[in-house]
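Enquirer: how would this look folded up:
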Amino acid sequence: MKRILVALATCAVVLGASAPVASAHDHHHHHHRAHRADLAVTMTFVGKGTPHGRVGQVSTYKVVVRNLGPGTAHEVRISFGMGDQFNPVSSSCGKGTAESAVVCTFPRLGRHDKVTVRFSAVVCCFPEGEVRDTVLSASVESLTLDPNPDNNFLQLPFHITGGHGFFPPG
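Expert: Predicted structure coming up:
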């Protein structure tokens, strides 16, 4: 398994919750309903109980994106965001392309289609005995106009417990 580590992309996604821009390919000035696609994202913690982890542990999230229609969504991009206490480990994008450990892309997502991807991150770097609450997020955007951007971004809380020093427990 090829692992791509991207330290720079940690906080970028929280800012990327803006509405997607209409595709430059839409030369028609009248927007047909078919040129719109309502993408919806959900995210679940793969593990027991509420999202939590210790320093050094890898946590994984399953992200599902559905196209509620009415049209096809083009150039779909699914992003995983995390706070400073995480380092990305890997992305598992199914039939899509792993652009990085925190981004999966799909050329198109037809009406009523859904895709499931997984993102993993390791809890990093703060002392034993400390606890911290942070958030992880998932977002989706595409070149197709989305009439309902409110369901394109989701955050989940995450509870961290400190580890031995700054290294994973042996």
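Enquirer: ok, the nearest residue to residue 83 once chain neighbours are set aside - how many residues close by?
Expert: Nearest residue to residue 83, sequence neighbours excluded (Cβ to Cβ, 6 or more residues apart in numbering): residue 134, at 3.9 Å. All C-beta atoms are positioned from the backbone trio N, CA, C, and that covers glycine. Number of residues near residue 134 (other Cβ atoms under 10 Å) recorded here: 15.
Enquirer: Any idea what residue 134 is bridged to?
Expert: Residue 134 has these beta-bridge partners by DSSP bridges: residue 158.
Enquirer: hang on, isn't it packed against residue 156?
Expert: No - with contacts counted by Cβ atoms under 8 Å, residue 134 stays clear of residue 156, the gap being 10.0 Å.
Enquirer: How confident was the prediction at the spatially most central residue of the chain?
Expert: Taking Cα atoms, centre = their mean, the centroid of the chain lies closest to residue 80, which sits 2.6 Å from it. Per-residue confidence (pLDDT) for residue 80: 98.
Enquirer: Just the element for it, please.
Expert: strand 73-82 (DSSP states H and E).
Enquirer: for that strand, the distance to its chain's centre please.
Expert: Between the centre of strand 73-82 and the centre of its chain there are 7 Å (Cα atoms, centre = their mean, to the nearest Å).
Enquirer: With just CA atoms, put it into PDB.
Expert: Provided in PDB are the C-alpha atoms of strand 73-82 (Å, rounded to 0.1, in the frame of the first residue of the first chain):
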ATOM      1  CA  ALA A  73     -22.100  16.000 -11.000                       C
ATOM      2  CA  HIS A  74     -18.800  16.500 -12.800                       C
ATOM      3  CA  GLU A  75     -15.300  16.600 -11.300                       C
ATOM      4  CA  VAL A  76     -16.400  15.600  -7.800                       C
ATOM      5  CA  ARG A  77     -13.800  16.200  -5.100                       C
ATOM      6  CA  ILE A  78     -14.100  14.800  -1.600                       C
ATOM      7  CA  SER A  79     -11.800  16.200   1.100                       C
ATOM      8  CA  PHE A  80     -11.000  15.200   4.600                       C
ATOM      9  CA  GLY A  81     -10.000  17.900   7.100                       C
ATOM     10  CA  MET A  82      -8.400  17.600  10.500                       C
END
